[in-house]
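[1] no letters, just coordinates:
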C-alpha cells in the first residue's frame with residue numbers, strides 16, 4: 001500500500017524521481033533530498049556511501065536553486081535556475 005513519507009512532512013515537495021534503488025525529492029525552496037541505497041554515490045552525499053532510510057538533504061547543492069531532478073539506475077541529475085546541470089552516482093558508459 002502507498003505510504004506517506006513522514007520525514008518530508010514539513011517540506012513542500014514539487015517533484016520526485018526514482019532510480020534503481022534510490023529516490024529524490026525536490027522541494028519548493030530548491031533543495032534536493034535523497035534516500036535509498038548509497039552505493040556508487042547515488043545519493044549525492046560525498047564520501048558517505050551509506051544507505052539512507054530517511055530523506056537526507058544534499059548539502060553539496062546548498063546555494064543552488066534546483067528546478068528539476070531525475071534519477072537513473074544508479075545516478076542522478078539536477079538542473080538549476082541558472083541552467084547548470086549537476087550529476088552524481090555511478091559513471092559507467094558516460095552517464096555522468
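    On my side now, so go ahead. Remember, predicted model here, so these are calculated numbers, not experimental data. Numbers count the residues shown, from 1 in each chain.

[2] quick one, what contacts residue 25?
    Listed by CB atoms under 8 Å, 6 or more residues apart in numbering, the contact set of residue 25 reads 5, 8, 11, 13, 15, 16, 32, 33, 34, 55, 69. Yep, even glycine has a C-beta here, placed from its N, CA and C like the rest.

[3] who's the fifth one bridged to?
    With DSSP bridges applied, the residues forming beta bridges to residue 15 are residue 26.

[4] what about the strands in the protein?
    Listed in chain order, the strands found in the chain under DSSP state E are 13-18, 22-27, 32-36, 52-57, 66-71, 75-80, 85-89.

[5] out of these, which comes closest to residue 44?
    For residue 44, the closest of the strands of the chain is strand 85-89, at 4.4 Å, according to CB to CB.

[6] for the protein, give me the ranges with low pLDDT.
    Applying pLDDT under 70 to the chain flags residues 93-96.

[7] follow-up on the earlier one: could you flag which of the contacts of residue 25 are buried?
    8, 11, 32, 33, 34, 55, 69 (16 or more other CB atoms under 10 Å).

[8] these two touch, right, the second one and residue 27?
    Yes. Under the criterion of CB atoms under 8 Å, residue 11 is in contact with residue 27, at a separation of 4.6 Å.

[9] for the strands of the chain, give me CSV that also has distance to residue 44.
    Converted to CSV, these look like this (distance: least, CB to CB, whole Å):
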stretch, distance to residue 44
strand 13-18, 13
strand 22-27, 9
strand 32-36, 6
strand 52-57, 9
strand 66-71, 10
strand 75-80, 7
strand 85-89, 4
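
[10] between the ones you listed, which one is closest to residue 46.
    That would be strand 85-89 among these, by CB to CB, at 9.1 Å.

[11] relative to that closest one, what are the paired strands and their orientations?
    With DSSP bridges as the test, strand 85-89 pairs up with strand 75-80 (antiparallel).

[12] angle of the strand it pairs with against strand 66-71?
    170 degrees (axes from the mean of the first three to the mean of the last three CA atoms, to 10 degrees).

[13] give me the contacts around stretch 57-75.
    Contacts to stretch 57-75, defined as CB under 8 Å, 6+ apart, come from residues 15, 17-26, 30-34, 39-40, 42-46, 76-82, 84, 86-92, 95-96.
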